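S.K.: Give the three-dimensional model of this entry:
(chains A, B and C)
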Amino acid sequence: MAHTLSVNGRSHTVDVDADTPLLWAIRDNIGLTGTKFGCGVAQCGACTVWIDGQPVRSCVTPVSAVEGKVTTIEALEGKEARAVQAAWDTIDVPQCGYCQSGQVMSAVALLKENPKPSDRDIDLAMNGNICRCATYARIRTAIHAAARSLEG
Amino acid sequence: MTAHDLTLSRRSLLAGAGGLIIALNLPKAARAQSGAAQAFRPGGTASFAPNAFIRVAADNSVTVLVKHIEFGQGPFTGLATLVAEEMDADWGQMRAEHAPADVKLYANLAFGVQGTGGSTAMANSFEQIRKAAATARIMLVQAAAEAWKVPAGEIVIEAGVLKHASGKQGRFGEFADAAAKLPAPTDVPLKPPAQFRLIGKEGVVKRLDSADKARGKAQFTIDISALGMLTVVVARPPRFGGKVASFDAADALKVKGVVDVKQIGSGVAVYAQGMWPAIKGREALKVVWDESEAETRGSAELVAEYRALARTPGTVAGSHGDAQAVLAKAERVIEAEYVFPYLAHAPMEPLDGYLEWNAQGALARFGSQFQTTEHQTIATILELPPEKVQLETMLAGGSFGRRAQVSQHLAAELAMCAKAIGPNRPVKLVWTREDDLAGGYYRPLFVHRMRGAVKDGKITAWTNAIVGQSFFLGTPFEAMTVKNGVDATMVEGANELPYEVADFRCEVHTAKVGVPTLWWRSVGHTHTAYAVECFMDELLQAAGQDPVAGRLALMGKEPRLAGVLKAVAELAKWTGPDAGNGRARGVAVAESFGSFVAQIAEVSLGEGGEPKVHKVWCAIDCGIAVNPDIIRAQMEGGIGFGLGHVLYGELTLDKGKPVQTNFDTYRSLRIHEMPEVEVAIIASSEKPTGVGEPGVPPIGPAVANALARLGQGRPRQLPMVGGMV
Amino acid sequence: MLRQTALAAVAGLGLALAGTAITTAQTPTPPAGTLRPVESFQSIAQREARSAAIFTEMGKVLQHPRCVNCHPATERPRQTDAQRPHQPLVVRGKDGHGAPGMACSTCHGKENFDPARVPGDGHWALAPASMAWEGKTLGQICEQLKDPNRNGSRDMAALIKHVAEDSLVGWAWRPGPGRQPAPGTQDQFGALLKAWGETGAVCPR
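M.R.: Numbering: from 1, shown residues only, chains lettered A, B, ... in the order given. I've put the predicted structure just below:
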C-alpha cells in the first residue's frame, strides 16, 4: 500500500505495509541511513527523529500513523543544532558513534524547548537514549556547553 | 564442507577450521614494504604509498590505513596521531581508513593474524606505524631536496609544510609523485620522545570520526545498500544446540516483500526487500525445532551445579605455600561465594554483514574484528580461493568482545546466507536485538568460592575455587590460552595475586555446558577482579585495616599497581571509607592487558534502595599516554559499561531459554545512572598498553566495597539490582 | 535494592530480594478477569451496603495494574503486569504528558503498536498527582474519586461519562499483547459506576 511521507521537506511515496515502522521506510525505502536501529521497541532511542519538531521513536511509529513533517539527522539545522553538533565535536563525545544520531536529535529537541536545562532536565530528556559505550558524562557536558554557547 | 553442514556447534566449527589453524601459523612480522605497491588502496587517489600504512594524496591529505577495527576505542585517531607525529603533519590533513584484510601486511603482531582484541591496538602499532610514517617522511623530504637542489638535512617540516632556509616551502602533495619514485629507506630513526608535540599532549588532536558521527554520516554495515540487495534475518533455534527439524515457509512467502526462504546451517533464512518484510516474514515462518541435543539447563540449575563443583578438588591454576593446611588450623576462616550471571555484550549496532559474490570472487563488508579467520571462513564456505575474496572492515557500532568471534559464526552465517540464495544476489544479514540477546556467546556464568584466614591483623591464607565455562576449549584458538588444562582467560587476575599472601591456592573447574560463550570487555577480569577485590576488602576489614593502606602494605612487589592506588587515593582525597552525608567510598585495583587501574567509587542508597554511584575517581598507568583524552574517554566508558552490568545486567536462562530478549529486560545503564568520573593518567615512559578494557574490572568491586560500608554487605550475586523480569 | 545472596544462591536468580519492595518485580495475585453485573448486587437489600459492594467490585479495575500504573504515587509511572518502574525514566511533567524532550508521545502513538508491544492512545498521559491511586486503600481511592478537588472537577454525571466513554480509560480493556486487560468490559465498569452513584456512592471501609 502506498503511503506518502514528508521527510526533510520532501514528499516521498513508499509502497509498504501499513504497519511498517517509519524507521525502516526512512532507511530502506527513502535511503536515509543516519537514523539507526537499536532495539525496535522504543527502549534505546537510536531511531529518534522529529515529527513536527517533537522527538519520536521511529521504530515504533507505523507509517500509517505519520501525519506530520518528519525531520531526520540529515536535515537537522538551526542554531540549537549547530551548537549541539559543535559541542559534540569539541568535547569528542562519540565513541562507536552508532547511537549518536539519536542522542543529537534528542539533545537538540531539548534545547529548543529548554534553552538552559539543569542536570535533572538533561536526565529526563536524554535517559531514553542508551549509549552502550557510556559516553553519558560527555553528552551531559556537551549539552551544557551548547546551552552556554546559545546564551552568547 | 557445504553450507548445510556448517552448524554453529563447536564440533563442526572445529571440523571446518582447517584453514584457520594454518592461518595461525603464518609468519608474525608484517614487513612494511612487502607488496605495498599492489596493496588495495582505499580512497584510490593517493599518489604516494610508501608502505602498507601510509597514503599521501595530491590534496596533501595523509591517510592512515588502520589494521585494527574502529568501534569507538579510538585506533583511527590513535594511529593517525603516531603518523602525524613522525611526519610532522598538520592534524587537519590526517585521515584514517580501515586496512583491507591481508594477513601478510596487517597481522596483529601479538596474534600473528589480522585482528583486534586484548586491548593491543596501540601496543602493537606503536613502533610499526611510526616506522612507516618516518619512512614516508624521509622520502618526502628527499623528494623536496631533489626538487629544490638542497641537502635533505637542511629541510624541516612544520605542520605539514616542508621548509628550507632559502625560503622554499611546499606541502606533501607537491612531492607525493616524486617521493613515490624513490627507493624506501630501511632502518629509519624515530623521533625521540622529548620532541613529541602530539603524543601525550592535551588538546592537540581531536577524534577523526566525531564530526561524522554527530551528523549521522558515519557509515556502518547496517547502512550498506546495493542494487538488488536482499535483507536477511535468520530464524535460529530457541535453545542452544537445537536444529531445524522441518519448516513451512508458505505464510512467510505471502508477506509482501519477502523474496525467498532457505534453510542454512544456523537456521532458516528469510530474504526480503528491506528489514521489515524480513522480520514479518520470519514471524510468519513455521519452524519445528529438533531439541534432542539442546542445552536445557537453566541458570539456577547451573549455579547449583557450579557451587557443588566448587566444593570439590579442581585443577590447580596457581599455588604457593600450603593454604589448605593453614586454613585447616586457622582460628578464624572467612568465606565468601560470588555468583556471576551470563552477560550479553549488546553492542548498539547488532551483528550484521554484507556480501556479494559470484564465481569470479566475493566482496564482504562488515565490522570484522578477526579479519584473517573471517576472510578464510567466507572463502571456504563459498568455495573460492582466498585471494578472490575481499573483506572490507566497516566501522562498527560497538563490540565489547562480541565481534571478536573465536567461532567465526557471523562470517559463516553471512556466507551461508549468500551461498544459499545463489550468486549475484547481494545480501545484508542483520540480527535484531532479540537475536542478539537470545543468541548466546555470552560472558560465561561463573562461581568463585573464596576462603581466607586472618590472624593478628594479617591475611595468612587465601584459596579460590573458580567454576565456569571455557570459550576456548575445542576451538582453533585452544593452544593459545589453554595450558595444562587451565584456560588462562578463566583465571587471569585470580591465579596470581598482586598482594603478598604467604599461603595461596587457586583451583579451577571447567564446566561443560551447551551455551556458547565468549570474551566480554576485560574477559576473565570481569569476574576475577570482583571476587579478588571484594574478598581482599572483606579480609582487610576483618583485619582492621584501611582499604587503601592495607592494600599498599601488601603490594611491595607491584610498584605500578601501588602507584595507581596512591594516585587515586590522592585524587579522591581519601581519608577512609566513610564519605559522610550517608555516602561511603569503596576502592578496587586491577592490572589487566598490561595496564594498571585503580578506582574509588562514592556510593549511597538511592531511589527504591538501589545503589546510587555519585562519583568515581580513576587512576590509570598505561605506559606512554598517546592520546590522553581518548584514555579518559575509555576510562569513562569502561566505568559506565562495567557499572551498568554489575548493577543491572543478567542474561538468565530458563530451562535453557534466554529470558531477557531486549533492553526492556536487559537493563542498560542510562544517563541519570552515570556517575561523574575524574581520571588521573600516570606519567610514564613505559611502552603504551591497552585502555579499551582495563577501565572495566575495578568498578564492580569498588561499588561493592562501598556498599559494605553502608551496611549492605558486598553483593554475593550479581547483578546488584534485580527485578526486571 | 541489593540482591541478598547469602541464602539465595542455590535457590537461584531472581529470588530472595532484600530491602524495600518498591522496585521489585512483584507478581501480584491476578485479579479475576470478569466483573459481576450490576443485577447481581440486587440481593443486597441494604442500599448503602449495596453501594459499597458495587464499589468494591469496581476496585478490581481501579486497583488493576492497567489503571494503577498510570495513577502512580510518585512522578514516575509503572509498567507491565509486574508494575515495575517505567523504563526509561519518565515523569508526569507539568501537564501529565512528560518532560521537555521526552513526552509520552515520543514513544506512545495514537494506537497500540503490537509488533513492539508498545501501547498507545490519542490521549496517552499520566493522571495528575491528585489522582494517585498507587498504595491507597480502596476506600481512600473511593473518597478521592468522589472529591471534585481530586477528580478533575467532575460531578457524578461527568465521572460516569469519563469512565464509560474515555478512550484512554477504555485502553485498559484493550492493552495489546503481553498485558493482562482490566477485568470485565468498559461498559460493565461504566454500568457499575452508574449503579454505585445511584445507590448513594458509598465508599467501602
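S.K.: Let me know the average pLDDT across stretch A:1-12.
M.R.: Stretch A:1-12 comes out with an average pLDDT of 96.
S.K.: Equivalent analysis for stretch A:93-106, please.
M.R.: The predicted model gives stretch A:93-106 an average pLDDT of 98.
S.K.: swap in stretch B:291-306?
M.R.: The average pLDDT within stretch B:291-306 is 97.
S.K.: what sits up against it?
M.R.: With contacts defined as C-beta atoms under 8 Å, 6 or more residues apart in numbering or on different chains, stretch B:291-306 is touched by B:237, B:239-243, B:339, B:341-342, B:445-447, B:467-468, B:509, B:511, B:513-515, B:652-656, C:9-13. Bear in mind the C-beta positions are built from the backbone N, C-alpha and C, glycine included.
S.K.: Endpoint to endpoint, it covers what distance?
M.R.: End-to-end distance of stretch B:291-306 (C-alpha to C-alpha, to the nearest Å): 24 Å.
S.K.: With stretch B:692-701 instead?
M.R.: The first residue of stretch B:692-701 is 19 Å away from its last residue (C-alpha to C-alpha).
S.K.: Which ones among the contacts of stretch B:291-306 lie within strands?
M.R.: B:243, B:339, B:446-447, B:467-468, B:509, B:653-654 (DSSP state E).
S.K.: List buried residues within those residues.
M.R.: By the neighbour-count criterion of 16 or more other C-beta atoms under 10 Å in any protein chain shown, the ones in strands among the contacts of stretch B:291-306 include these buried positions: B:243, B:339, B:446-447, B:467-468, B:509, B:653.
S.K.: Out of the residues you listed, give me the two with the largest separation.
M.R.: Every pair in those was compared (C-beta to C-beta); the two farthest apart turn out to be B:243 and B:339, at 31.2 Å.
S.K.: before we move on, back to that, also near chain A: which of the contacts of stretch B:291-306, exactly?
M.R.: The subset of these lying close to chain A, counting by C-beta under 8 Å from any C-beta of the partner chain, is empty.
S.K.: Residue B:222 should be in a helix, yeah?
M.R.: Yes - the assignment for residue B:222 by DSSP: H, G, I helix; E, B strand; the rest coil puts it in a helix.
S.K.: how deep is the residue lying closest to residue A:150 once chain neighbours are set aside tucked in, by neighbour count?
M.R.: Computed as C-beta to C-beta, 6 or more residues apart in numbering or on different chains, the closest residue to residue A:150 that is not its neighbour in sequence is residue A:83, at 5.2 Å. The tally of other residues near residue A:83 (other C-beta atoms under 10 Å in any protein chain shown) stands at 23.
S.K.: just the one 3 residues further on next, same as before
M.R.: Neighbours of residue A:86 under the rule other C-beta under 10 Å: 16.
S.K.: host element of residue C:61?
M.R.: When elements are defined using DSSP states H and E, residue C:61 is found to belong to helix C:47-62.
S.K.: Identify the residues contacting that helix?
M.R.: Where contact means C-beta under 8 Å, 6+ apart, the residues beyond helix C:47-62 that reach it are C:31-32, C:35-36, C:38, C:41-42, C:44, C:67-68, C:133, C:138, C:141-142, C:145, C:172, C:182-184, C:189, C:192-193, C:195-196, C:199-205.
S.K.: which residues touch the closest residue to chain C within the stretch 401-550 of chain B?
M.R.: Using C-beta to the nearest C-beta, residue B:447 is the residue of the stretch 401-550 of chain B that sits closest to chain C, at 8.3 Å. Neighbouring residues of residue B:447 by C-beta under 8 Å, 6+ apart: B:303, B:306-307, B:309-310, B:337-340, B:466-468.
S.K.: and the gap between it and residue B:302?
M.R.: When distance is defined by C-beta to C-beta, to the nearest Å, residue B:447 is 9 Å away from residue B:302.
S.K.: circling back: which residues does the residue of the stretch 401-550 of chain B closest to chain C bridge with?
M.R.: According to DSSP bridges, the partner residues bridging residue B:447 are residue B:339, residue B:467.
S.K.: Check the spacing between it and residue B:527 real quick.
M.R.: To residue B:527, residue B:447 is 9 Å away according to C-beta to C-beta.
S.K.: Spell out which residues make up each domain of the chain.
M.R.: Just going to use chain A. By the assignment in automatic domain parsing, chain A contains the domains A:2-74, A:79-151.
S.K.: was after chain B, sorry
M.R.: If the domains of chain B are taken from automatic domain parsing, they occupy B:36-213, B:221-292+B:351-430, B:299-343+B:441-709, with pieces of a single domain joined by a plus sign.
S.K.: Quickly, which of those bottoms out on average pLDDT?
M.R.: Averaging pLDDT over each of the domains of chain B singles out domain B:36-213 as the lowest, with a mean of 92.
S.K.: Output the contacting helices and strands for the strand or helix carrying residue B:278.
M.R.: Of the helices and strands defined by DSSP H and E, residue B:278 is found in helix B:275-284. With contacts defined as 3 or more C-beta pairs under 8 Å, 6 or more residues apart in numbering or on different chains; DSSP states H and E, helix B:275-284 has these neighbours: strand B:230-235, helix B:250-254, strand B:258-264, strand B:267-272.
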